[in-house]
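1. How does the following fold in three dimensions:
(2 chains)
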Amino acid sequence: MSRPDPAHHRLSPPRLLDVDPLLEDPKTRIVVCCGSGGVGKTTTAAALGLRAAERGRKVVVLTIDPARRLAQSMGIDSLDNTPRRVKGIDDSAGGELHAMMLDMKRTFDEIVEAHADPERAAAILGNPFYQSLSAGFAGTQEYMAMEKLGQLRSRDEWDLIIVDTPPSRSALDFLDAPKRLGSFLDGRLIRLLTAPAKLGGRAGMKFLNVGMSMMTGTLGKLLGGQLLKDVQTFVSAMDTTFGGFRTRADATYKLLQAPGTAFLVVAAPERDALREAAYFVERLAAEDMPLAGLVLNRVHGSGADRLSAERALAAAENLEEPRIVDQEGGKAVLRNSPEAQDSSDSPTPGTPDGAPASAPDGGSPTEDTEHAENTEDTERSVDQLTAGLLRLHADRMQLLSREQRTRDRFTALHPEVAVTEVAALPGDVHDLTGLRTIGDRLAADERELPDPADQPEPPEATAEGNPASARGT
Amino acid sequence: MSRLQVVSGKGGTGKTTVAAALALALATEGKRTLLVEVEGRQGIAQLFETEALPYEERKIAVAPGGGEVYALAIDPELALLDYLQMFYKLGSAGRALKKLGAIDFATTIAPGLRDVLLTGKACEAVRRKERSGRFTYDYVVMDAPPTGRITRFLNVNDEVAGLAKIGPIHNQAQAVMRVLKSSETAVHLVTLLEEMPVQETVDGIAELRSARLPVGRIIVNMVRPEVLDETDLELVRTVPRSTVARSLSSVGLGGARRGGHAERLVDPLLTQAEEYAERYTLEHEQRAVLAELGLPSHELPLFAEGMDLAGLYELARELREQGVS
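-> The predicted structure is shown next:
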């Protein structure tokens, strides 16, 4: 399948994003794929990982929530919190591919285990409040993804880390998560809840303590005494554990701004996805995060994009009209619609009904014989099929122009963003071959090598002859 | 017919649209429905082409036949203050909690407390009655969190009842669970005829069932029209290219001879048909997977030009015709 010829559709084409130099550059250490849900972000991350590995880099792909089929496509039945080596890649260039899936709870537990003494860690891990929190509070996934990234980077075992970001409601949550969790842990409420331990007995704190007991009294009434006790235990334990939390959150944030990091915004050529992508581009700029470009997935093309939707539909309607055949004269009634006659390559308007049988385009004698042998039924069903093909084409062309409009809007807003387009696949990706194909499409700059079929055609109007005559005998 | 209709689905399947269409469809013959948004995205306001919804039940649409649709975008923070007021008459103490960041804590960080408030608010609307004894809303339709989180979301009160073992929160949590696990509630899942959303639907239903939450219907959204049927697709594989070329040529699309305009259209058109055939097969496989679930299922058409208010009414009509209301 070829893509629409840019010169044909676009007034000012966007800058092209070339992923190969990015993936091959040893200075690129982290690639973050971000974008809204359902745009093929995880698949893009996996395909980039495979491509980089087959070009000689030692890669780990950190995915957040892959479809089972995607894990299987990398030959791993279930991904877990430890990087697993992917087999079956072309390692002739000396590269390696590892993949892992973020296990939020496990990552959280690991932090606790690493920062608290065993006894304290056991107390925290067994706390019902912690168990609930670690599995599902707003932002845990985002924070843990960043935490894991920090860990992988500091191990220095891989020369390229490709990160998929969580399918957040707002795709930006992962940038905010460390700050939010940090500000919560530094917050007044925490200080209040942990106050008895810290402030107990200190002089001059009477006022605060009165406020404190009023507060815990209220909260206790609300939450039930046991829950409040659990919360207090948990919070004071966390306070110790996450002593350097702010520092670490800041370090992760700086890592994202560092020169070795590249962000790729992933989107599909749909209104909502590109709106989100534009917002993301602006946000990354505001945060001084290095944006490499936009990956536009699932872009449609057509090998017949010179045939417009309108003409295809008109022709389909023509074919579907019951055919009136003058048996005596042995010729079909001319069925051209006015729309079809507007175009450059349609037959000369006003051709008489009984056109000469020997049209220049009439085909070879053998073809004519074959044609004559066809029963009218077959011809009818071929016409029906052709009408269907034309309707399908009209749908495709309408889709193309919608996609083009949304892309143009993005390009107009952000002409500085380099774009690579990935042609849509009809099905899902199931194996390394599928990922490799996506990788090829990500890298290929097909737009500089236009399909010969897209070349302008010489005018044919007069040479083509009269279609009615080609049919009529 | 369950009075609390919960609509979930994988992200990108159009669950907000389906929830809105369902609320319209259920508002027939003078009935009144409440459409509840819980994720703070203001998707309902966008769909109904109105300004952002405040935390207040307000009428946003009139259904054919005189029914009314009200909408409410639940703001967890305000819902919490509501609750505190309702249960404790806290007044200024509520504001003090807010100053301390306790409200932030409860609504954004504390596990599930936010979800408790959201489900609690919806259940309150389900049970609310007028002075006349008539229910305020005949139906409450909830635009719920996505499939991956729906079971946890609905089940959160169980978890909370476990954490807060006594006290008003415990009692409230149990009251909400009684509504959610009864036949008063139905959880519908929206999907597309694609592998990942269908897989998520299958997994989601298994989760809902194991949590003993009532599964309602499957709604397949954005179904593309069938342009070519089985016979056509069979023909695509066998048809002589020259006959297609002649057919194209007969309606003025150029010459059928080798290298002619019509002849050069044949290959790209057949390629597109092959892509269509591949998707057609995939869609049929996914339909079969869904059929195995043994649930009532509905299909809604794709609006290629995007969803707008007219399309929404169209979907509501479609749902009504398919016997959803």
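2. CA atoms for contacts and neighbours, from now on please.
-> Noted.
3. which residues in chain B form helices?
-> Along chain B, counting by DSSP state H, helices occupy B:15-26, B:43-47, B:76-88, B:92-100, B:102-104, B:113-127, B:147-163, B:168-180, B:195-210, B:230-238, B:241-250, B:261-291, B:309-321.
4. okay if I get the ones you listed as CSV plus distance to B:Leu53?
-> Formatted as CSV, the entries for those read as follows, by distance: least, Cα to Cα, whole Å:
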stretch, distance to B:Leu53
helix B:15-26, 14
helix B:43-47, 6
helix B:76-88, 14
helix B:92-100, 23
helix B:102-104, 21
helix B:113-127, 16
helix B:147-163, 23
helix B:168-180, 25
helix B:195-210, 29
helix B:230-238, 47
helix B:241-250, 53
helix B:261-291, 35
helix B:309-321, 17
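5. Please tell me how far A:Ser308 sits from B:Pro197.
-> When distances are taken as Cα to Cα, to the nearest Å, A:Ser308 and B:Pro197 turn out to be 33 Å apart.
6. More neighbours: which of those two?
-> The neighbour comparison of A:Ser308 against B:Pro197 (other Cα atoms under 10 Å in any protein chain shown) goes to B:Pro197, with 24 against 14.
7. With chain A as the reference, measure out to that one.
-> 10 Å (Cα to the nearest Cα, to the nearest Å).
8. how about that residue, what does it touch?
-> B:Pro197 is in contact with B:Gly9, B:Lys10, B:Thr13, B:Thr191, counting by Cα atoms under 8 Å, 6 or more residues apart in numbering or on different chains.
9. Try it again at 6 Å.
-> Contacts of B:Pro197 were listed using Cα atoms under 6 Å, 6 or more residues apart in numbering or on different chains, and they are B:Lys10, B:Thr191.
10. Could you check the pLDDT of it?
-> If you check B:Pro197, the pLDDT there is 89.
11. what's the answer for B:Gly260, then?
-> Confidence for B:Gly260, expressed as pLDDT, is 91.
12. Compute the distance between A:Gly56 and chain B, please.
-> 32 Å.
13. How about that residue: what's its closest non-neighbour residue?
-> Counting by Cα to Cα, 6 or more residues apart in numbering or on different chains, A:Gly56 lies nearest to A:Gly95, which is 3.8 Å off, once chain neighbours are set aside.
14. can you tell me which of the helices of chain B comes nearest to A:Glu416?
-> Proximity of the helices of chain B to A:Glu416 was assessed by Cα to Cα; the nearest stretch is helix B:43-47, lying at 29.7 Å.
15. Can you give the distance of the closest one from its chain's centre?
-> Its chain's C-alpha centre lies 13 Å from the corresponding centre of helix B:43-47 when counted by Cα atoms, centre = their mean, to the nearest Å.
16. Which elements pack onto that helix?
-> Contact partners of helix B:43-47 among helices and strands, from 3 or more Cα pairs under 6 Å, 6 or more residues apart in numbering or on different chains; DSSP states H and E: none.
17. please redo it, this time with the cut-off set to 8 Å
-> Contacts defined by 3 or more Cα pairs under 8 Å, 6 or more residues apart in numbering or on different chains; DSSP states H and E place helix B:43-47 against helix B:15-26.
18. Can you name every helix or strand that the helix it packs on contacts?
-> If you count contacts as 3+ Cα pairs under 8 Å, 6+ apart, helix B:15-26 packs onto strand B:4-9, strand B:32-37, helix B:43-47, strand B:68-73, strand B:139-143, helix B:309-321.
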